[in-house]
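Colleague: I would like to see how this sequence folds:
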Amino acid sequence: MVKYKELVNLGKKEQEEKLKALKLELIKARVAAGKGGKTKLREIKKTIARLKTLHNAQTKKQ
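Modeller: A predicted model of the protein is given here:
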């Protein structure tokens with residue numbers, strides 16, 4: 001799981017790349033969830049939410 005403080009230190013481009021990678025990982029985790037891996041889904045969703053929250057906060061500052 002990625003902490004909010006770690007995400008703040010990433011550049012804007014790196015944040016976007018991380019978000020794309022997490023979305024892809026979420027798709028793969030959904031397939032695996034059918035086999036019983038639901039905790040991974042929760043972690044990925046929380047990290048995506050953190051990234052989006054950070055993005056929104058940075059957008060409002062500008």
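Colleague: tell me which residues of the lengthiest helix in the chain are tucked away?
Modeller: Using DSSP state H, we find that the single longest helix of the chain is helix 38-61. Using 16 or more other Cβ atoms under 10 Å as the test for burial, helix 38-61 gives I44, T47, I48, R50, L51, L54. No exception for glycine: its C-beta is placed from N, CA and C like everyone else's.
Colleague: Could I get the average pLDDT for that helix?
Modeller: Helix 38-61 shows a mean pLDDT of 90.
Colleague: Give me the helices and strands touching it, please.
Modeller: helix 4-8, helix 12-33 (3 or more Cβ pairs under 8 Å, 6 or more residues apart in numbering; DSSP states H and E).
Colleague: What is the distance between it and the centre of its chain?
Modeller: 5 Å (Cα atoms, centre = their mean, to the nearest Å).
Colleague: The residue nearest in space to the middle of the chain: what's it in contact with?
Modeller: Geometric centre of the chain, nearest residue: I48, 2.5 Å, by Cα atoms, centre = their mean. Counting by Cβ atoms under 8 Å, 6 or more residues apart in numbering, I48 makes contact with L19, L22, K23, L26.
Colleague: mind giving me a markdown table with these and columns for distance to V8 and neighbour count?
Modeller: Below are the contacts of I48 laid out as a markdown table (distance: Cβ to Cβ, whole Å; neighbours: other Cβ atoms under 10 Å):
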| residue | distance to V8 | neighbour count |
| --- | --- | --- |
| L19 | 14 | 17 |
| L22 | 16 | 19 |
| K23 | 20 | 12 |
| L26 | 22 | 17 |
